[in-house]
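> Here's a sequence, model it:
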Amino acid sequence: MRGGLFLGWGVVAALQATAAWAADVTVSVVDAQGRSLDEAVVALLPRGSVPPLPPGAQAVIEQRARQFLPRVTVVQTGTPVHFPNHDTVRHHVYSFSPIKTFEIKLYVGTPAQPVVFDKPGTAVLGCNIHDQMVAWVHVVDTPWFAVTRDGRARITQVPAGAYQLQVWHPRWPQGQAPHRQPLTLEARGAEVAVRLEVSP
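Residues are numbered from 1 along each chain as shown. Next up is the predicted model:
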C-alpha cells in the first residue's frame, strides 16, 4: 500500500459498529416533592451537528370540546403544525410568544396552511373566543424528544455520543431557560431521573 492509512478489517468493522450504535434513553421527571410530572418535554440536544428535519415531518393540534389536544406538543425546529377545528363552534387560535407570533382568525375545519415553528423555544397558544383554551408548543433543535406520561418518557434509537438533556414543563418559570444537564450516551442506553422546581 502506498500512502494513506491502512486499517485492518477488524478495526474498520469496529468503527462501523460504533458509528451505528443507537440506544434508548428513559427519563423520569418529578417535582420538588417527588411527585411524577406529566406533560414534561424531554429532549437530547447533540453537541455536534443536528440532523435535518425529516421529509414530511409535521404535527397536529386538534380542537375538540373547546380544548386543544394535545395540550403539550414538542416538535423539531422547522416543523409545520396543523390546527384542525373539530368543534361545531368557531375558534380563533393565536400566539403572541416571541418565538412564534400568529393568528388563525375565526374558522372551522382545517386551515389551508399550517403554521411553521422555525425558532426554538416555547409558544403559548390561546383562543380569543374561549379563554379556558390553552396549549404549548415546545420547539427544540433536535429530532430526539418525548413527552412524559406517568412521569416517564422514553426516547428511542439515539446515536451514542455527548448530549445536553433538556427538560421543560408548562409550570416551569416563564422566561427561564429549560433545565439542562450533560449526558453521555453509550450503547447500553441510559436511565435518568430529573427533579424540577415548578410552580404549584
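
> rest of the way, CA atoms for contacts and neighbours
Will do.

> Just the helices from the protein, written as ranges.
9-20 (DSSP state H).

> Name the nearest residue to the spatially most central residue of it, sequence neighbours excluded.
When CA atoms, centre = their mean is applied to the chain, the residue found nearest the centroid is Val74 (3.4 Å). Leaving aside its sequence neighbours, Val74 sits nearest to His138 (CA to CA, 6 or more residues apart in numbering; 4.7 Å).

> Could you give the number of residues near that neighbour?
The number of residues packed near His138 is 23, by other CA atoms under 10 Å.

> from memory it sits against Lys119, does it?
No: in this structure His138 lies outside contact range of Lys119 using CA atoms under 8 Å: 9.8 Å.

> And the lowest mean pLDDT element among the helices and strands of this structure?
Least confident helix or strand, the chain: helix 9-20 with a mean of 43, by mean pLDDT, DSSP states H and E.

> how about low-confidence regions in this structure?
Scanning the chain for pLDDT under 70 picks out 1-20.

> at 50 instead, please
1-19 (pLDDT under 50).

> Could you list which residues are in contact with the closest residue to Arg154 other than its chain neighbours?
Excluding the flanking residues, the one nearest Arg154 by CA to CA, 6+ apart is Thr26, at 4.4 Å. Counting by CA atoms under 8 Å, 6 or more residues apart in numbering, Thr26 touches Arg152, Ala153, Arg154, Ile155, Ala190, Glu191, Val192.

> Can you tell me which of the residues you listed are buried?
With neighbours counted by 16 or more other CA atoms under 10 Å, the contacts of Thr26 contain buried members at Arg152, Ala153, Arg154, Ile155.

> just checking, which of those residues belong to strands?
Judged by DSSP state E, strands contain the following of those: Arg152, Ala153, Arg154, Ile155.

> Can you lay out those as a markdown table showing distance to Ala57?
Converted to a markdown table, those look like this (distance: CA to CA, whole Å):
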| residue | distance to Ala57 |
| --- | --- |
| Arg152 | 24 |
| Ala153 | 21 |
| Arg154 | 20 |
| Ile155 | 17 |
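
> Now flag whichever of the residues you listed is closest to Tyr163.
Nearest to Tyr163 among these, counting by CA to CA, is Ile155 at 13.0 Å.

> ok, that closest one to Ala22 distance?
11 Å (CA to CA, to the nearest Å).

> same thing with Arg195?
Counting by CA to CA, the separation of Arg195 from Ala22 is 26 Å.

> For the residue nearest to Val74, which residues are in contact?
Val41, Val72, Thr73, Val74, Val75, Pro120, Gly121, Thr122, Ala123.

> Would you check which pair of the residues you listed lies furthest apart?
The largest separation in those, counting by CA to CA, is between Val72 and Pro120 at 14.9 Å.

> Grab the nearest non-local neighbour of Leu37.
Among residues not flanking Leu37 along the chain, Gly151 sits closest, at 4.7 Å (CA to CA, 6+ apart).

> can you count the residues close to the nearest residue in space to Pro200 that is not next to it in sequence?
Spatially, and ignoring its direct neighbours in sequence, Pro200 is nearest to Arg171 (7.4 Å; CA to CA, 6+ apart). For Arg171, the tally of surrounding residues (other CA under 10 Å) stands at 14.
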